[in-house]
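Engineer: A predicted structure for the sequence below; I have some questions about it.
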Amino acid sequence: MGVRDGLEQGEPDVPGSNRPRELAIAEGPADRAPSPALDEPRSKGEVYAEHRQRADGGWEPRLYEASRSELGRFNPERAGLPQMSLDAAADYVAQHRAARPWLAIADTASPEARRIIAALDAGGGHGHIRHEGWVTEEASMRRAAYREDPAQLDPAKRSQGIDGLKAGNRPHRCGEFATRVTDTDAFATAFVRGVEHPEARAVLDMPFDSDRWPGELTVPITELLGAEGHQYCTGWQLEAVGGSIEAARENRAAWLRARTGSQDSDALEPSARPVPTFEGGDMLFVVGQNRTQDGYEIATMYPRPPRAGH
Amino acid sequence: MSPLYWERHPNGPFATLIRVATTYCSPDADEEAYEGLKRLAKRENDEEMRVFKAELREVLQDPGRLPNNELSESVEYDDGSDEAFLRRLWHDLYGDEPLDDAT
């Protein structure tokens, strides 16, 4: 039974298996992570990243109260995804969770949100893999700083910046931000509402052209998750180098080439900091070609903070 | 306010260039998308690509005309500068075709 099942049946608000770990973090100064308790199952890096996200990003873990009837009505085919019943979703998660560990987060979701996560996983998109609750703050931090792919399950390859979802040991790519929606029901809600947004429909319903990718569109977070929707978003931002984010990206690429031994470099070790707020931000949808290359689907979805200075 | 330049300024300068470059070259675009762009660039009767090429040609002759930081924020290239990214893009799509060829 997941957290949402219990809530729906009127049981106490008992956190799921991943919740106590987040809630157990002690308060403390921003520049020092608390020492993990003896029974602390997380690494120091995870404790440090979560602590910084709380202190500098103002984040507190919270459950999003989704409209389960709305999620239940969603037809995955509207997003170019396979049909999925509640039972089929539970079976899918049980069958694939060992090889696809990001599915474990579905245990904390409502059955309706779990259905959507399972449909997404059976499709070709990766938003639920890199930008959703299973990704830890440390993983997001390291993705922004070092281009380590949370979807890469081989630690050696992850540290080399190798993409976890592409064949052929291709380099993982990440821009200035690595962000996520921290609650699975909030992620599912943003997805189903985004799919029905007129701008998204316009591109999802475009006639298919094998050479053409529809690209990106945005919807304000408030339109998808309400006025407090930004509180379900966290992210990390690559630190500028010499005041320049262009220089920081170039430096990160050079540092990674040196790390992988493909090129000598005196690049600085990159670093990242928590996004201070997502209030006023948007949800970005990237629409691409589906696996069968006969239509378009949402390749990924993630929150973007408001533009600096705007 | 949208982080996407072409959503904020659909008729702004170089809106097509920035939108197409973002779609096919940003970290969210994979190698297959970039190969798709190369094929699109060869289409002679594609209006979007005609505008894209004209804007790319124009901005390479004076990169300072790009709206401030918009290309960099959208494409998030690793090339270090707008001009370096755009020159690589031109070479990948149009090879040695001269920039001042107005035909």
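Structural biologist: Yes, it's here.

Engineer: Around chain A, pick out the residues from chain B.
Structural biologist: Proximity of chain B to chain A is confined to B:1-4, B:7, B:19-20, B:22-24, B:26-33, B:36-37, B:39-40, B:43, B:72-73, B:76-81 under the rule C-beta under 8 Å from any C-beta of the partner chain. C-beta here means a position set from N, CA and C on the backbone, and glycine is covered the same way.

Engineer: among the residues you listed, which ones are buried?
Structural biologist: Listed as buried from the residues of chain B next to chain A are B:2-4, B:7, B:19-20, B:22-24, B:26-30, B:33, B:36-37, B:40, B:72-73, B:76-81; burial here means 16 or more other C-beta atoms under 10 Å in any protein chain shown.

Engineer: how about low-confidence regions in the stretch 201-310 of chain A?
Structural biologist: A:309-310 (pLDDT under 70).

Engineer: let's see 90
Structural biologist: Counting by pLDDT under 90, the stretch 201-310 of chain A has low-confidence residues at A:259-266, A:290-293, A:307-310.

Engineer: the helices in it, which residues?
Structural biologist: A:221-225, A:245-259 (DSSP state H, counting those that start in this stretch).

Engineer: The last one vs chain B: in contact?
Structural biologist: What that stands for is helix A:245-259. Yes. Counting by C-beta under 8 Å from any C-beta, chain B has neighbours in helix A:245-259: A:245, A:246, A:247, A:249, A:250, A:252, A:253.

Engineer: near chain B, which residues of the stretch 1-150 of chain A?
Structural biologist: Looking at chain B, no residue of the stretch 1-150 of chain A is close enough under C-beta under 8 Å from any C-beta.

Engineer: residue contacts, the residue in the stretch 1-150 of chain A that chain B sits nearest to?
Structural biologist: Proximity of the stretch 1-150 of chain A to chain B (C-beta to the nearest C-beta) peaks at residue A:147, 9.1 Å away. Residue A:147 is in contact with A:161, A:171, A:172, A:173, A:174, A:252, A:256, counting by C-beta atoms under 8 Å, 6 or more residues apart in numbering or on different chains.

Engineer: now these as a markdown table including neighbour count?
Structural biologist: A markdown table is the format used below for these (neighbours: other C-beta atoms under 10 Å in any protein chain shown):
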| residue | neighbour count |
| --- | --- |
| A:161 | 24 |
| A:171 | 15 |
| A:172 | 24 |
| A:173 | 19 |
| A:174 | 24 |
| A:252 | 27 |
| A:256 | 22 |
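
Engineer: before we move on, the earlier item: can I get the helices of the stretch 201-310 of chain A in TSV with distance to residue A:53?
Structural biologist: Output for the helices of the stretch 201-310 of chain A, formatted as TSV (distance: least, C-beta to C-beta, whole Å):
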stretch	distance to residue A:53
helix A:221-225	17
helix A:245-259	20
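
Engineer: wait, doesn't residue A:250 sit right on residue B:79?
Structural biologist: Yes. Taking contacts as C-beta atoms under 8 Å, residue A:250 lies within contact range of residue B:79: 7.0 Å.

Engineer: biggest helix in chain B by residues?
Structural biologist: The longest helix of chain B (DSSP state H) is helix B:47-61.

Engineer: Would you mark the buried spots in that helix?
Structural biologist: Neighbour-count burial for helix B:47-61 flags B:49, B:52, B:53, B:55, B:56, B:57, B:59, B:60 (criterion: 16+ other C-beta under 10 Å).

Engineer: ok now do the first one, which residues does it touch?
Structural biologist: For residue B:49, the contacting residues are B:20, B:40, B:41, B:43, taking C-beta under 8 Å, 6+ apart as the criterion.
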